[in-house]
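Chemist: no sequence on this one, just coordinates:
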């Protein structure tokens, strides 16, 4: 028994080659891959996920500046998924043996076909299949999740998509965090002051294509009597058909707002002993639009 342990230890100390400088625990091996684009350039920051045969994630991360990743995992059977913006995802199965390197070599990602854009013309947001939600910190600890229940909007799609425009109006009093006392406070003059500022409005005429299905939609957000420039990081999801056969276009978008930018002062709230929502708020939009009838 002692001899086998010493032999195994000696083998690990004396090995050479790709694993010579990589420490692997007992019963583990190393999985590696290099991710390239169709012209053999490395795809940096590609996301990879290694899962077991039950679909449970074992390890994940991003590729390095050379498009490579290396992961130490217990010996076994795995599923590898590699994805990157603008490319078709890659999937493979691999067996990792104890104290060995399982290399997939160079993996070439193919450029994904971007989804079809909506037809030029006027489209309107369908509230029944859309949501405007937000996430904030509560006194720096737990997260508060909320939404606005009443809103309307329209998008004018231009022949050149980057010349398009959109206008969204949100009913400030429709804020809903599922706690009546907190919602009443958020509607008060301490925060949204819905009596003086009954709506939030966003207008944009700057659509910038970031590649693949990613867009930056930059515009003016008016909130609490103040207007600031805001950029929505937008993922266009493509076209589909509703239950009645009507054409729909869908997207997801996120941005982060800072309360002090809109004179809803976090520091003032703290000095007054009011700590309901933290200084920054993440906004998440899931939007479906239909052609305006």
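Modeler: Sure thing, it's come through. Values in this document were obtained by computation on a predicted structure and should not be read as measured data.
Chemist: how about low-confidence regions in the stretch 151-293 of the chain?
Modeler: Along the stretch 151-293 of the chain, segments meeting pLDDT under 70 span 243, 259-279.
Chemist: so which residues of it form helices?
Modeler: Counting by DSSP state H, counting those that start in this stretch, one finds helices in the stretch 151-293 of the chain at the ranges 180-187, 266-271.
Chemist: could you list every helix and strand in contact with the first one?
Modeler: Meaning helix 180-187. In terms of contacts (3 or more C-beta pairs under 8 Å, 6 or more residues apart in numbering; DSSP states H and E), helix 180-187 is packed against strand 175-176. From N, CA and C alone the C-beta is placed, and that goes for glycine too.
Chemist: from residue 219, how far out is residue 228?
Modeler: 10 Å (C-beta to C-beta, to the nearest Å).
Chemist: sorry, wrong one. I was asking about residue 132.
Modeler: Distance of residue 132 to residue 219, given as C-beta to C-beta: 15 Å.
Chemist: list the contacts of residue 57.
Modeler: With contact taken as C-beta atoms under 8 Å, 6 or more residues apart in numbering, residue 57 is in contact with 49-51.
Chemist: name the nearest of those relative to residue 71.
Modeler: residue 50 (6.0 Å; C-beta to C-beta).
Chemist: check which helix or strand the closest one maps to.
Modeler: strand 47-51 (DSSP states H and E).
Chemist: got it, and residue 105?
Modeler: Per DSSP H and E, residue 105 falls inside strand 101-108.
Chemist: what's the angle between that strand and strand 47-51?
Modeler: 140 degrees (axes from the mean of the first three to the mean of the last three C-alpha atoms, to 10 degrees).
Chemist: quick check: buried residues in strand 101-108?
Modeler: Of all the residues in strand 101-108, those buried under the rule 16 or more other C-beta atoms under 10 Å are 101-102, 107.
Chemist: what of stretch 210-229?
Modeler: Buried, per 16+ other C-beta under 10 Å, within stretch 210-229: 212-213, 215, 217, 219, 221-224.
Chemist: now residue 80: phi and psi?
Modeler: phi -110, psi 130 (degrees, to the nearest 10).
Chemist: pretty sure it contacts residue 96?
Modeler: No - checked against C-beta atoms under 8 Å, the pair residue 80 and residue 96 is beyond contact range at 10.3 Å.
Chemist: shared neighbours, those two?
Modeler: Taking C-beta under 8 Å, 6+ apart as the contact rule, residue 80 and residue 96 both touch residue 31.
Chemist: bridge partners for the residue most central in space within the chain, pull those for me.
Modeler: The structure's the chain has its C-alpha centroid closest to residue 254; by C-alpha atoms, centre = their mean the separation is 7.8 Å. For residue 254, the beta-bridge partners under DSSP bridges are residue 233, residue 284.
Chemist: which SSE is residue 45 in?
Modeler: Per DSSP H and E, residue 45 falls between elements, in no helix or strand.
Chemist: and it, how many neighbours?
Modeler: Residue 45 has 13 neighbouring residues, counting by other C-beta atoms under 10 Å.
Chemist: now do residue 168
Modeler: Around residue 168 there are 22 residues (other C-beta under 10 Å).
Chemist: roughly how far does it sit from residue 147?
Modeler: 14 Å.
Chemist: neighbouring contacts of the strand holding residue 50?
Modeler: Under C-beta under 8 Å, 6+ apart, the answer for strand 47-51 is 31, 33, 35, 57-63, 69, 71, 73, 78-84.
Chemist: next one: stretch 104-117
Modeler: Residues from elsewhere that reach stretch 104-117 (C-beta under 8 Å, 6+ apart): 31-38, 40, 43, 46, 80, 82, 84, 86-88, 90, 92, 94, 157, 161, 212-213, 236-239.
Chemist: where does pLDDT dip in the stretch 1-150 of the chain?
Modeler: Applying pLDDT under 70 to the stretch 1-150 of the chain flags the ranges 1-23, 137-142.
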